[in-house]
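Enquirer: With the sequence up front, the predicted model follows.
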Protein chains: 2
Amino acid sequence: MPKTIDVTELVLRDAHQSLMATRMAMADMIPACEDLDKAGYWSVECWGGATFDACIRFLNEDPWERLRTFRNLMPNTRLQMLLRGQNLLGYRHYEDGVVDRFVQKAAENGMDVFRVFDALNDIRNLRRAIAAVRAAGKHAQGTISYTVSPLHTTAKFVELAQQLLELGCDSICIKDMAALIKPQAAYDLVKGIKDACGQETRVHIHVHATTGVTLVSLMKAIEAGVDCVDTAISSLSLGPGHNPTESVVEMLDGTGFECRLDKSRLLKIKDYFNKIRPRYTEFLSNITGVETEIFDSQIPGGMISNMESQLKQQGAADRIKDVLAEVPRVRKDAGYPPLVTPSSQIVGTQAVFNVMMGRYKVLTGEFADLMLGYYGETLGERDAALVEQAGKHAKKTPITCRPADMLKPEWDELRSMALELQGCNGSDEDVLTCAMFPQVAPKFFKTRAEGPKNLGKDPAAKPASAPAAAAAPEGGSGDGKGPVRTPISYDVTLNGNKHRVTVSPA
Amino acid sequence: MPKTIDVTELVLRDAHQSLMATRMAMADMIPACEDLDKAGYWSVECWGGATFDACIRFLNEDPWERLRTFRNLMPNTRLQMLLRGQNLLGYRHYEDGVVDRFVQKAAENGMDVFRVFDALNDIRNLRRAIAAVRAAGKHAQGTISYTVSPLHTTAKFVELAQQLLELGCDSICIKDMAALIKPQAAYDLVKGIKDACGQETRVHIHVHATTGVTLVSLMKAIEAGVDCVDTAISSLSLGPGHNPTESVVEMLDGTGFECRLDKSRLLKIKDYFNKIRPRYTEFLSNITGVETEIFDSQIPGGMISNMESQLKQQGAADRIKDVLAEVPRVRKDAGYPPLVTPSSQIVGTQAVFNVMMGRYKVLTGEFADLMLGYYGETLGERDAALVEQAGKHAKKTPITCRPADMLKPEWDELRSMALELQGCNGSDEDVLTCAMFPQVAPKFFKTRAEGPKNLGKDPAAKPASAPAAAAAPEGGSGDGKGPVRTPISYDVTLNGNKHRVTVSPA
């Protein structure tokens, strides 16, 4: 009897987030739901990440209504979401009471599986959300944000998995958002977790396809005992997205493993999204091939283009090589944070500053906060002199506590704020929407009654002239203190020269 | 010490043949040659397949001159070509003396490695070419055309490998042009060959990326002991092309295997072809994702689109599903030929005829020839009643001999024919060009002095209005009798209804 490998289908969340800037309208997902529900997936990821933000910012769509619709249309399949720990789906840390309510409301509206992660792998930023998922009786999946550094050994990641299980997680996810996990590393990590935590420990693996090697990594993870792999239907796969579902099904033929998905349903889902994809051409990522340079620079593709545009704005596009060489140094000084939003932007921008103005002559506020512990702990030690400099610069003291411990209960205040808004329906769901996106929610509440706005365009109509949009961020640039405007502009004067630097999510 | 895995780079031949209809001009390859030569490849495939045809048909380029240029520019690397056995690079069987001369001239002009294949895996169609390569003191690589059928077992393929080695081949190539080889099958086949023929037997593997699983198949082939893998630099990879060179290099990290290629050279080659690719947009394949349906239908993508266009011409596009269901039956009746040009066209067209006019009510001339043995032997037995019907239809008797045994010495005649042409320089090379492409050579000889025609276009200039061209055929539709015009049109009258059917290379 071949061992069954479970599959999480990503097409309704991370696939279109990665490939078409999270712009897919609910109306374009609904016709696929019956086949998705009956294909035999372990779960369908369909909510969280950047979808909540995109719903209210671009699509005039109520994300809670989207969730309820998925629940109705997919009664047989676990619904799964990506949750940024203490940041929820917003761009700052929230006080625990808000975290509890968000999780409770998501569960009530139909969510089954909560994949909870933190960009720095600081377990204190995950603890409350995981406890809330357990209290709601739902599946809590603790996440390892995978990265590569001299300190990020298999043993360290296994330790993190053990800590997540101690928090009561129902499963562990290895999340490789930058496509850095190579086949042998995937094998070693899955095996390491299984050996240390018990073969019965449920392990999932989430990889992107950007570097072109991760389908092999999935094979190796499967050989090492992984229980569930994340894939996307082929017509919305590859590039900065994910490995194709159908290819995973087929590659297991004869290996002693099998996916048990209904191939005729997969074909229908593929054909359906093949027709939908051209509707979003203007949002499609222009990365289509593979990018293996990421392995050497350890700098995700989106981060490079972000730094390039920062340099261009300052007429210094030719300095990109210096900046790429500076990034690993800044990352080391900051204690080797995984390079994923927001840490990728913080480190990248500081590297640009270092090259343009001299090393650490000027610190960004976010970099200072990172050095001072306001995002949480990093695995490596942060450079002591630089921590001192950051403290002086930001006029703050370093913290070692959990960042959210600095926050006072805030639900009542958030509630009052929301209730004042025109169009707010007074529900806890609306309060949470407003809490997470205080700048966007007011307009959304006002226009909500007009109904969803589908940005898809008939490809037969004349092509849009708008430039392709960048992929939406996976995380925000939360600093534990308050909502951050993105993009952010800085005016920096050094030796009499004024520099304007704009930082946007990669 | 990690085991070294050799790499054959395909960018100068199969990559642009598969992705941009073989249209890349020599001028666009020359700047990459130094890096290709010094990157550490075992070989660079750069000649043969459809490139010879494309050179004289579309590029006004002398293919022999192209070969000499490669030899000059890449003194440190083995040059490799794909040779269609007794068909050479043309579309019919040639008499042995012509085969000998072609191989001798290719060797003299700089070719090192001859990959010799036959669409039906009939070893008699390979024997003479392999002997000629050995006589020239060059590397003879015997090829297994990989396919899937109830008869094509690992054991049968291993037997073929043994026969190829008995002919004196220096290495064996597993050639999977339709991307059908799954990981376990790749493992079993490589291991089967090594176990049966000795671990010292050199095995290469050539896979396309179409189904999305074959990078994993390469990994498994490597684990089973394969010596060399075929890849294409990432900027001209994937889709109906091949797996990216850089991804293969990276995926081996820590596995006990390594490629020892110069990664900084690879990056330069990647960047270079990344700039060249947009020049050929009008020829780019419109297949970009993966196509796993091929596994179930066993019908390559190019063949499906060919059949669709045949059906459309007859206003019967809605019958495609019937035709797809008919193909496996026709293939079985024909003795399970691998479905690759020309057999894919022959079987596909017959399936269309069967659906449109009733099963085997009308036979195409090519299908009759296939049934009668004029292409060679198939692994399976051909349907006896159908063989009899084919004989009556074509007014020919079935043959069991090697098809080329029916041919008389023809060099002198080919030479006289060539010498009569305006612009023929009288060399054996020109005679061979004319022998293989008697319809194209006259015009080419006439215009040769005008110099190469680069079909690449500056992407900044206004886009071309020409429709994207189909990928060029890997093989021809040779029938052992004479050059075949492609596309071929048939007028078929049945029960008073006239049908026009046009067959083009898939």
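Expert: Now that the structure is in, tell me what you want to look at.

Enquirer: For chain B, what's its nearest residue on the stretch 51-200 of chain A.
Expert: Per Cβ to the nearest Cβ, residue A:184 is where the stretch 51-200 of chain A lies closest to chain B, at 3.7 Å. Every residue, glycine included, has its C-beta placed from N, CA and C.

Enquirer: tell me the secondary structure for the residue lying closest to that residue once chain neighbours are set aside?
Expert: Of all residues not flanking residue A:184 in the chain, residue B:254 sits nearest, at 3.7 Å (Cβ to Cβ, 6 or more residues apart in numbering or on different chains). Three-state call for residue B:254 (DSSP: H, G, I helix; E, B strand; the rest coil): coil.

Enquirer: What of residue A:335?
Expert: With three-state DSSP as the basis, the three-state label of residue A:335 is coil.

Enquirer: Tell me, how many residues neighbour it?
Expert: Using other Cβ atoms under 10 Å in any protein chain shown, residue A:335 is surrounded by 20 other residues.

Enquirer: For the stretch 251-400 of chain A, which segments count as strands?
Expert: A:257-258 (DSSP state E, counting those that start in this stretch).

Enquirer: Within range of chain B, give me the residues from it.
Expert: Applying Cβ under 8 Å from any Cβ of the partner chain, one finds that the stretch 251-400 of chain A approaches chain B through A:251, A:253-255, A:263, A:267, A:288-293, A:295-296.

Enquirer: Which parts of chain A are strands?
Expert: A:3-4, A:6-9, A:43-48, A:78-83, A:113-116, A:139-145, A:171-176, A:203-207, A:228-231, A:257-258, A:488-494, A:497-503 (DSSP state E).

Enquirer: can you put the ones you listed in CSV and add mean neighbour count and mean pLDDT?
Expert: Converted to CSV, the strands of chain A look like this (neighbours: other Cβ atoms under 10 Å in any protein chain shown; pLDDT from 0 to 100):
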stretch, mean neighbour count, mean pLDDT
strand A:3-4, 13, 98
strand A:6-9, 24, 98
strand A:43-48, 26, 98
strand A:78-83, 24, 98
strand A:113-116, 26, 98
strand A:139-145, 26, 97
strand A:171-176, 25, 97
strand A:203-207, 26, 97
strand A:228-231, 26, 98
strand A:257-258, 16, 98
strand A:488-494, 13, 46
strand A:497-503, 15, 47
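
Enquirer: can you put those in JSON lines and add distance to residue A:365?
Expert: Shown next, in JSON lines, are those (distance: least, Cβ to Cβ, whole Å):
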{"stretch": "strand A:3-4", "distance to residue A:365": "49"}
{"stretch": "strand A:6-9", "distance to residue A:365": "37"}
{"stretch": "strand A:43-48", "distance to residue A:365": "27"}
{"stretch": "strand A:78-83", "distance to residue A:365": "26"}
{"stretch": "strand A:113-116", "distance to residue A:365": "27"}
{"stretch": "strand A:139-145", "distance to residue A:365": "23"}
{"stretch": "strand A:171-176", "distance to residue A:365": "28"}
{"stretch": "strand A:203-207", "distance to residue A:365": "31"}
{"stretch": "strand A:228-231", "distance to residue A:365": "35"}
{"stretch": "strand A:257-258", "distance to residue A:365": "49"}
{"stretch": "strand A:488-494", "distance to residue A:365": "8"}
{"stretch": "strand A:497-503", "distance to residue A:365": "10"}
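
Enquirer: quick one on the thing from earlier: now do the same contact list for the residue of the stretch 51-200 of chain A closest to chain B.
Expert: A:220, B:253-255 (Cβ atoms under 8 Å, 6 or more residues apart in numbering or on different chains).

Enquirer: if you set the cut-off to 10 Å instead, what comes out?
Expert: Residue A:184 is in contact with A:216-217, A:220, B:251-257, counting by Cβ atoms under 10 Å, 6 or more residues apart in numbering or on different chains.

Enquirer: go on, residue A:128?
Expert: Applying Cβ under 10 Å, 6+ apart to residue A:128 gives the contacts A:85-86, A:94-100, A:103, A:116, A:167, A:402, A:404.

Enquirer: Recalculate using a threshold of 7 Å.
Expert: Contact partners of residue A:128, counting by Cβ atoms under 7 Å, 6 or more residues apart in numbering or on different chains, are A:86, A:96, A:99.

Enquirer: From what I see, the first one and residue A:97 are in contact.
Expert: Read it as residue A:86. No. Look at residue A:86 against residue A:97 with Cβ atoms under 7 Å: they stay out of range, at 11.9 Å.

Enquirer: Counting neighbours, go ahead and name the busier of the two.
Expert: residue A:86 (29 against 16).

Enquirer: And the pLDDT for the more buried one?
Expert: Model confidence at residue A:86, given as pLDDT, is 95.

Enquirer: Which pLDDT value belongs to residue A:361?
Expert: pLDDT at residue A:361 comes out at 96.

Enquirer: For residue A:370, give me its contacts.
Expert: By Cβ under 7 Å, 6+ apart, residue A:370 lies in contact with A:334, A:343, A:346.

Enquirer: Including neighbour count, could those go into TSV?
Expert: Shown next, in TSV, are the contacts of residue A:370 (neighbours: other Cβ atoms under 10 Å in any protein chain shown):
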residue	neighbour count
A:334	23
A:343	25
A:346	27
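
Enquirer: can I get these in TSV with pLDDT and distance to residue B:59?
Expert: Supplementary listing: the contacts of residue A:370 in TSV, determined by pLDDT from 0 to 100; distance: Cβ to Cβ, whole Å:
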residue	pLDDT	distance to residue B:59
A:334	97	54
A:343	86	50
A:346	91	51
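
Enquirer: Out of those, which comes closest to chain B?
Expert: Taking Cβ to the nearest Cβ as the measure, chain B lies nearest residue A:343 of the contacts of residue A:370, at 23.4 Å.

Enquirer: Verify the stated contact: the closest one with residue A:118.
Expert: No. Look at residue A:343 against residue A:118 with Cβ under 7 Å: they stay out of range, at 10.4 Å.

Enquirer: Nearest residue to residue A:267 in space, ignoring adjacent ones along the chain?
Expert: Residue A:267's closest residue in space is residue B:293 (Cβ to Cβ, 6+ apart), at 6.7 Å.

Enquirer: So which of the contacts of residue A:128 belong to helices?
Expert: Counting by DSSP state H, the part of the contacts of residue A:128 found in helices is A:96, A:99.

Enquirer: any chance of the contacts of residue A:128 in CSV, plus distance to chain B?
Expert: Below are the contacts of residue A:128 laid out as CSV (distance: Cβ to the nearest Cβ, whole Å):
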residue, distance to chain B
A:86, 34
A:96, 41
A:99, 39
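
Enquirer: can you redo the contacts of residue A:128 as a markdown table with distance to residue A:416?
Expert: Below are the contacts of residue A:128 laid out as a markdown table (distance: Cβ to Cβ, whole Å):
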| residue | distance to residue A:416 |
| --- | --- |
| A:86 | 22 |
| A:96 | 19 |
| A:99 | 19 |
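
Enquirer: of the contacts of residue A:128, closest to residue B:160?
Expert: The closest of the contacts of residue A:128 to residue B:160 turns out to be residue A:86 (Cβ to Cβ; 61.8 Å).

Enquirer: For residue A:245, give me its contacts.
Expert: For residue A:245, the contacting residues are A:7, A:9, A:231-234, A:266, by Cβ under 7 Å, 6+ apart.

Enquirer: Good, wrapping up.
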